[in-house]
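J.: The sequence and its predicted three-dimensional model are supplied below.
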Amino acid sequence: MKKIKFYIKQLYKIFSQYFFFFLYGKPREILYPSEEKNIKLFKVKKNDNQTYDVYEIKNGILYTTRVEDVALILNKKLISGPSFQLRKTENITVKFEDISKNIILKIGTPNFQKKIDGNVFSLLTGGGGNKNYFHWLFDVLPRLSILEDCEQFDKVDFFLVPSYKEKHQIQTLDILNIPKDKILDSRYFKHIKANNIIATNHPHTKREYDQDKWHLPIWIIEWLRKNFLKHINEKEYPKKIYIKRNGLNEKNIMRSIVNEEEVITCLKKFEFEIIDLNDLNFLDQVNLFNKAKCIVGLHGAGFSNLVFSNKNIKILEFRSKNKTKTFESICSSMKINYNSIIQSPTNMPAIDQQGHINISVAELENKIKEILN
């Protein structure tokens, strides 16, 4: 039965590709913006000398796999610059590959095209933006700032986002006054043609997703703080917090603290409150981090909220030796008191998720005493 299902899938895949080749053709050439009058290029320079390109493509076509590839197309040619293709290397680093590796040069655009009457701004960023809180805050939303700086914001009729399903996606766009009726979700708009398609390059222009070498541009931190800290409220929030990762009992979890109950028992002696960020809306997370004095937790997207913290906060991050220094780097940029307990993983279900670690309770207790003094 499995073999039959496999062959049926293969036959469907072959038939589907031929069908869409017949319907839309397949780009075979690469087009450079300087060679085409129907592509306008704008330059944006941020205050820490980061420079960005903004492309406006008349009668442009966009196709995305929603994970690794986004293709901007004009006159059946793949446009170099706004198109991108992400690939993992052997050491799990994700990098932007050469445009000749874009998947549409092999498979075409195998989805029905939807025509959009208006100008569409693309905030697509790769698979991380579909659900992940970190990538939404740092890879997706900052593109709105780049758009504002090139004075094209008012021209946009629709905003194409990786997804419009997670509560942080819905809430942040609402706070930023992006109307719901102007949002296109790439789950349903994978292949579009519009009057104009506007796209930027990645907000981390020098980033290849190698976290040990990564530094978040300061302007992104400043922009996030400017737009969201204005919503700080008068509610009381816990001052000492342990961030409990959601779903640690699930079979497919790729990163956890093996002895988490012991860790929680230890922290409770120091009057830490246990918080699952999934129980909070976006603004509550902003307020929580802004008002906290000490936050402890396992490396994860929840620490993205560090950008909303006050300067006197103290952070203790648990992480695997494998990598990553993402949040240490953010703390360094913000001059936040950062501490860590780093352990070798006891189990590695997926190397890019850093595995499961065991935290020495004695080391934790000494570290907490040191931090709180």
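T.: Structure's in. What do you need? Remember, it's a predicted structure, so these values are computed and weren't measured experimentally.
J.: Show me the strands in the stretch 101-250 of the chain, by range?
T.: For the stretch 101-250 of the chain, the strands defined by DSSP state E, counting those that start in this stretch cover 114-122, 158-161, 183-185, 191-200, 240-243.
J.: quick one: which of these is nearest Tyr18?
T.: Ranking these by their distance to Tyr18 (criterion: Cβ to Cβ) puts strand 191-200 first, at 16.6 Å. For the C-beta atoms, the positions are set from N, CA and C on the backbone; glycine is no exception.
J.: Now mean pLDDT too, for the strands of the stretch 101-250 of the chain, in TSV please.
T.: Compiled in TSV, the strands of the stretch 101-250 of the chain are given as follows (pLDDT from 0 to 100):
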stretch	mean pLDDT
strand 114-122	98
strand 158-161	98
strand 183-185	98
strand 191-200	98
strand 240-243	97
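J.: what's the closest of these to Arg28?
T.: strand 191-200 (17.8 Å).
J.: re the thing from before, nearest to Asn339, out of the strands of the stretch 101-250 of the chain?
T.: Of those, nearest to Asn339 by Cβ to Cβ is strand 240-243, at 13.9 Å.
J.: So which elements touch the next helix or strand after that closest one?
T.: Going down the chain from strand 240-243, the next helix or strand is strand 255-257, by DSSP states H and E. Packing partners of strand 255-257 (3 or more Cβ pairs under 8 Å, 6 or more residues apart in numbering; DSSP states H and E): strand 294-298, strand 355-357.
J.: by contact count, what packs against the last one?
T.: Pointing back at strand 355-357 there. Against strand 355-357 (3+ Cβ pairs under 8 Å, 6+ apart) you get strand 255-257, strand 314-320.
J.: Just say helix, strand or coil for the closest residue to His231 other than its chain neighbours.
T.: Nearest residue to His231, sequence neighbours excluded (Cβ to Cβ, 6 or more residues apart in numbering): Leu283, at 5.3 Å. Three-state call for Leu283 (DSSP: H, G, I helix; E, B strand; the rest coil): helix.
J.: other SSEs contacting the helix or strand that contains Val286?
T.: In the assignment (DSSP H and E), Val286 maps to helix 282-291. If you count contacts as 3+ Cβ pairs under 8 Å, 6+ apart, helix 282-291 packs onto helix 167-175.
J.: Go through the helices and strands packed on strand 255-257 and name the closest to Glu236.
T.: Using Cβ to Cβ, these put strand 294-298 closest to Glu236, at 16.0 Å.
J.: Would you format the strands of the stretch 101-250 of the chain as CSV with distance to Asp279 included?
T.: Below are these laid out as CSV (distance: least, Cβ to Cβ, whole Å):
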stretch, distance to Asp279
strand 114-122, 32
strand 158-161, 24
strand 183-185, 25
strand 191-200, 34
strand 240-243, 11
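J.: out of those, which comes closest to Leu72?
T.: strand 191-200 (6.2 Å).
J.: Can you check the distance spanned by stretch 67-76, start to finish?
T.: End-to-end distance of stretch 67-76 (Cα to Cα, to the nearest Å): 22 Å.
J.: chain center to it: distance?
T.: 20 Å (Cα atoms, centre = their mean, to the nearest Å).
J.: any chance of the strands of the stretch 101-250 of the chain in JSON lines, plus mean neighbour count and distance to Trp223?
T.: Converted to JSON lines, these look like this (neighbours: other Cβ atoms under 10 Å; distance: least, Cβ to Cβ, whole Å):
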{"stretch": "strand 114-122", "mean neighbour count": "17", "distance to Trp223": "16"}
{"stretch": "strand 158-161", "mean neighbour count": "24", "distance to Trp223": "17"}
{"stretch": "strand 183-185", "mean neighbour count": "17", "distance to Trp223": "20"}
{"stretch": "strand 191-200", "mean neighbour count": "23", "distance to Trp223": "14"}
{"stretch": "strand 240-243", "mean neighbour count": "20", "distance to Trp223": "24"}
